[in-house]
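**Student:** please work out how this folds:
(one chain, ligands or ions: 2)
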Amino acid sequence: MRYSQFFLKTSKDAKEFDSVNATLLQKGGFIHQTMAGVYTFLPLGLRVLNKIENIVREEMDKLGSELLMPALSPKELWQTTGRLETVDVLFEARGANEASRKKNDASYVLNATHEDVLTPIAQQFRPSYKDLPAAVYQIQTKFRNEPRAKSGLLRGREFRMKDLYSFHASEEDFEDFYEKMKVAYTNTFQRLGIGNDTYVVMASGGSFSKHFSHEFQTRCDTGEDVVFHAMTANVLFNREIAPSHAPPLTQQGEAELPIQEVEGKGLIGVEPLAEYLKIPVEKTTKTILFETQEGEVIAAAVRGTYEINENKLEKIVGKEFRLASPETVKQVTGAEVGYAGLLNLPSEVQIYMDESVKGRKNFETGANRTHYHTINVNFGRDLPEPDQFYDIKVAREGDLHPETGEVYEVFRASEVGNVFRLGTKFTEAFGYTYTDEKGTQQPVLMGSYGIGTSRIMGVLVEKFHDDRGIIWPSQVAPFQVYLAELSADLLVQRAGASAYEQLTKAGIEVLYDDRKNASAGEKLADADLLGILWRLVVSKKTGDKVEVKRRTEDSVEMMGVKEFLRHAF
Ligand code: ATP
Ligand code: MG
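**Tutor:** Ligands and ions are numbered 1, 2, ... in the order given. You can find the predicted model right below:
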């Protein structure tokens, strides 16, 4: 490809975006931001995306057949599964103006995922147990009304995803396929150049599910997820579900002090509270009230430094609940929100205390009286020590893995893919059953498996760059060679054109920088910014050779084009 004929313009514009990938991909002319979270893949960027998606495609072809589902779907499908009401990122599409709505006033769903579209298709094409298992996938554009689109390609409102769905007649068959998918994912990420930094992480398997799902998380500082790694146990958890023990307290042999109510108005957060009360933050207690649909009230308490993990609490309570309304809080505690505590709660309130609350002397808790806190509270003396403590907190750095007692290694990561057991959630909604050998109807089991292909393009830039630009893994780079012609001298032009021809003939993808209006310095800067592995230079000094340099090295070597081909490919 001749640069002069390619739809490409890099920009020296120093605008920095909120992430390295957003900055470098826009400076390099890979993508253009149409609006927050929505990007155009320019010709250069599309080459990278296509290479990523082709690697994913090659690996998925081993396990399923590719199809292409629509971006638009009727609301009825989403109503059938109940998800029209519950998926909180779902977009609607309808005629944008009067004239359009006059012709057709219907509104549709802009698909965020495709279980709801695919299940009835599978039901029609795979009705019998003899047709199972079945697996299909697509690589397609998804739409999600994400509250915060950020970090360039890492979180978009429109993004690319590979989504595969599998259907099974038995649990064993499902499990077998699920394990095969994990292996396929490991191979895929290895081929994409992030294998060594991508971990299989346990994550939530959905509300009330006893199973976990598995996320493929790539270590990356810009990533939104936090991974807890128990090294000796060799398990990793997403922060959302990581089981945890609070680090042991330092206070020991402290004498019990007289319990006391202290006025402390409008102190927001445990840090100011602890400072005001002149106690360590570890002695503060966060008590949060929840209520169930049936009006039961639940109090959950954690050491002040923690947050309540509603996911963990929900599994223990075994019921859905929501944050108690200010009216309920007032009714139960007699106080405004912010002063709930563990003392003297009505007996019908179910109390769940986190293990981080245990073993503390002279701790603080809300006084259940507006503007008041109680200090020097002690189990046994001021309130009975519960028979059981739970793990209902969001894990924090410094916490211990409960099984081994080791301190977790904690790191930020970006979820590049996941594998998920769907059970019969969707098949039951559509009445997709099969008749077994005995003639009875059985529900079909289902799994879903996603890979964020556009997010991966962003993750690659986050991981592989230096202060001059991107350093693509060669298998996904937009071109294999950047050939820069550093002079308009006729002999140099001829040498450039000849090298270009030889390389192209050998099947090498070359970006030939033949621009007449760019300086040598600009061309070399572009070579670094675009991150192509091999940089070849022809100049007045190179004669019948080319100057060869790797993107990652500083040294150059002179050689003929034929020799370069032998050397590099
Ligand atoms: P996340 O927790 O990051 O929102 P998710 O759990 O919603 O992801 P899935 O719905 O399973 O993820 O989507 C499959 C894959 O698609 C994810 O693993 C991720 O790589 C990618 N993905 C999800 N949401 C986005 C987004 N808003 N922008 C870019 N990629 C995304
Ligand atoms: Mg999401």
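**Student:** could you count how many residues lie near Val89?
**Tutor:** 13 (other CB atoms under 10 Å). From N, CA and C alone the C-beta is placed, and that goes for glycine too.
**Student:** partner residues bridging Gly469?
**Tutor:** Applying DSSP bridges to Gly469 gives these bridge partners: Asp466.
**Student:** thought it was touching Leu24?
**Tutor:** Yes. Using CB atoms under 8 Å, Gly469 is in contact with Leu24, at 6.1 Å.
**Student:** what's the overlap in contacts for those two?
**Tutor:** The contact sets of Gly469 and Leu24 overlap at Leu529 (CB atoms under 8 Å, 6 or more residues apart in numbering).
**Student:** residues near Ile288, how many?
**Tutor:** Using other CB under 10 Å, Ile288 has 19 neighbouring residues.
**Student:** meant to ask about Arg47, not that
**Tutor:** For Arg47, the count of nearby residues is 18 (other CB under 10 Å).
**Student:** likewise Thr34?
**Tutor:** Counted with other CB under 10 Å, residues neighbouring Thr34 total 10.
**Student:** grab the nearest non-local neighbour of it.
**Tutor:** Leaving out its chain neighbours, the residue that sits closest to Thr34 by CB to CB, 6 or more residues apart in numbering is Thr40, at 5.7 Å.
**Student:** pLDDT value on the one you found, please?
**Tutor:** On the pLDDT scale, Thr40 is placed at 98.
**Student:** now the helix or strand where it lies, how far from the chain's geometric center?
**Tutor:** Counting by DSSP states H and E, the element that carries Thr40 is strand 38-41. Offset of strand 38-41 from its chain centre (CA atoms, centre = their mean, to the nearest Å): 19 Å.
**Student:** what about the stretch 151-300 of the chain, any weak spots by pLDDT?
**Tutor:** In the predicted model, the stretch 151-300 of the chain carries pLDDT under 70 at residues 251.
**Student:** for ligand 1, what's the nearest residue on it?
**Tutor:** Phe159 (3.6 Å; CB to the nearest ligand atom).
**Student:** residues in contact with Asp354?
**Tutor:** Neighbours of Asp354 in contact, by CB under 8 Å, 6+ apart: Ala246, Ala300, Ala301, Val302, Arg303, Tyr306, Ile308, Phe389, Tyr390, Asp391, Ile392, Lys393.
**Student:** distance between whichever helix or strand comes after the strand holding Thr40 and the chain's centre?
**Tutor:** Once strand 38-41 ends, the next helix or strand along the chain (criterion: DSSP H and E) is helix 43-60. The chain centroid and the centroid of helix 43-60 are separated by 19 Å under CA atoms, centre = their mean.
**Student:** buried residues, helix 43-60. List them.
**Tutor:** For helix 43-60, the neighbour count (16 or more other CB atoms under 10 Å) marks 44-45, 47-53, 55-57, 59-60 as buried.
**Student:** and for stretch 329-339?
**Tutor:** By 16+ other CB under 10 Å, the buried positions in stretch 329-339 come out as Val329, Val332, Thr333, Ala335, Val337, Gly338, Tyr339.
**Student:** and Asn344, how many neighbours?
**Tutor:** A count of nearby residues for Asn344, using other CB under 10 Å, gives 14.
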